[in-house]
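Undergrad: sequence below, structure please.
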Amino acid sequence: MLPRPRIAIIGGGPCGLTLARLLECKGITYTVFERDSSATSNDAAGGSLDIRAETGQRALREAGLFEEFKRFARYDDTAVAIADNRGKRVLEMGQGRDAPEIDRSDLRRILLESIPKDKIKWGHALVCTELGEEGSPVLKFANGAVLDGFKLVVGADGAWSKLRRLVTQATPQYSGKTFLESRINTSNPLYATTASKVGPGMLLSIGAGRPIVTQRQGNGSYRNYCGLQVPVDFFRNSTAVDLQNAEATRAMLLRDFYADWADQYKELIQHATDFRVWPLHTLAVGDMDWKSVPGVTLVGDAAHLTIPNGEGVNVAMADALELASKIVEYKGTEENFERAVREYEAGMFPRGRATIDEGRAMADAPAPPVNNYLSATRGVRAPFQHGRYGHCDILQGTPRRYDSSIRWKSFSWDSCLPASQGRHQRRWLP
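TA: Below is the predicted model of the structure:
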């Protein structure tokens, strides 16, 4: 029998590290190549992630990390409130879901601490790759390193994967939507007001296609996401506002996008700091059908980049678990190793198509006035109706009316969420 396969994992985010940990548990050799210079050099990246029972949590259980995960999981932050642009709440949901939140930085640290330090190579940003004379990938890094000879190279290097071109010519396309992220830190003068208005979990405020999402983080601070329909270079052209100039950025938002919103949102923008732009790109459903290439495969956003739909990290961790399981099942001869990749990809493609389709449906959904939701008709979709919070029957079920004197109704999410997530309450507010 040949030595156990030598695997290179490109990318040390939650997906790549989950794969590494699962391989570590089975004694399979690997090396992670990460572009960050150290474990703490990019701690600010990413916000809060909800980890689902049937995908992300399952991967953590298999990795022996679920108990450690629970130490940082925030079960009270599953709550979601929906409001209009006047600040009136009309719906509360999500309480009690088995999908606790955790900061991306905390999840990454849990995974990093479970892997031997010598198996992660920091400061290795992949610049390009090509197939060598023997058909195995040759990896060229920004620091000058050139490496080859791996039995398998796994691209977990995100949206702009440098490994993707070895298996497909697919290129991410701009969705027409951009998030402008900002923060309300605990030292911010508006922090107490924000905490009292948002509380735990997330507040999604909808108005004229310009949603504002405010979500509590692990340290108690809040991240804001302004959803803007702008050209892809809106924040990068010669006349763009300088995001380092907080006053100019706030003025632009208030003047051009949120002039007609309630004062509480204007206050939020006036006190927001740490602006960062996030153009939303996606692959196409039709991209999920390449011919398997020996020695190369993709996981997570590298494989099936989608517009955020709340499923991203969970689908990525499911990829890692399935690929690791196939590697363990077929380790041995090189032929069997290639079979493991083919079978993994056969299972990943439908998962990738589903998440891309869901992200696109959410982005293309009309945003009817919130006060019309109570009498919404079958087939209309809203940004919060599926994905992160399940398929809600408010826009897909039988049209119904609620007496304004009824402040809440119990209902079954059995048709909206996996059975493992049980029953929940949705709370209508007059």
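
Undergrad: show me the contacts for the closest residue to residue 264 other than its chain neighbours.
TA: Counting by CB to CB, 6 or more residues apart in numbering, residue 264 lies nearest to residue 87, which is 5.0 Å off, once chain neighbours are set aside. The C-beta positions use only the backbone N, C-alpha and C, and glycine is treated the same way. Each residue near residue 87 by CB atoms under 8 Å, 6 or more residues apart in numbering is listed here: 197, 205, 262, 264, 265.

Undergrad: now do the helices in the stretch 201-350 of the chain.
TA: With DSSP state H, counting those that start in this stretch applied, the stretch 201-350 of the chain shows helices at 246-256, 263-271, 301-304, 312-330, 334-364, listed in chain order.

Undergrad: and residue 188, which of those helices is closest to it?
TA: For the helices of the stretch 201-350 of the chain, distance to residue 188 was read as CB to CB. The smallest value, 5.7 Å, belongs to helix 263-271.

Undergrad: in the closest one, which residues are buried?
TA: Going by neighbour count (16 or more other CB atoms under 10 Å), the buried part of helix 263-271 is 265, 266, 268, 269, 271.

Undergrad: tell me the one of those residues nearest residue 170?
TA: When those are compared for distance to residue 170, the smallest value, 36.5 Å, is given by residue 269; criterion: CB to CB.

Undergrad: and residue 143, backbone torsions?
TA: For residue 143, the backbone dihedrals (degrees, to the nearest 10) come out as phi -80, psi 10.

Undergrad: that one touches residue 123, doesn't it?
TA: Yes - in this structure residue 143 lies within contact range of residue 123 using CB atoms under 8 Å: 5.8 Å.

Undergrad: who has more neighbours, those two?
TA: The neighbour count for residue 143 versus residue 123, taken as other CB atoms under 10 Å, is higher for residue 123 (15 against 12).

Undergrad: show me the shaky parts of the stretch 251-400 of the chain.
TA: When the per-residue scores of the stretch 251-400 of the chain are filtered using pLDDT under 70, the ranges that remain are 332-335, 365-400.

Undergrad: quick one: contacts for residue 352?
TA: When the contact criterion is CB under 8 Å, 6+ apart, the partners of residue 352 are 283, 288, 303, 304, 315.

Undergrad: and for the first one, nearest residue in space, chain neighbours not counted?
TA: What sits nearest to residue 283 in space, not counting adjacent residues and going by CB to CB, 6+ apart, is residue 305, at 4.8 Å.

Undergrad: give me the neighbour count for residue 331.
TA: Going by other CB under 10 Å, the residues that sit close to residue 331 add up to 20.

Undergrad: verify the stated contact: it with residue 28.
TA: Yes - contact status for residue 331 versus residue 28: in contact at 6.6 Å, counting by CB under 8 Å.

Undergrad: the residue nearest to residue 283 contacts residue 155, correct?
TA: No - under the contact definition of CB under 8 Å, residue 305 does not touch residue 155, with a separation of 11.6 Å.

Undergrad: neighbours around residue 119, how many?
TA: Quick note: residue 119 (other CB under 10 Å) scores 14 neighbours.

Undergrad: hmm, who's touching stretch 301-309?
TA: The set of residues that contact stretch 301-309 without belonging to it, under CB under 8 Å, 6+ apart, is 11, 15, 155-159, 161, 163-164, 172, 175, 177, 179, 280-283, 287-288, 297, 312, 315-316, 319, 348, 351-353, 355-356, 358-360, 362-363, 386-388.
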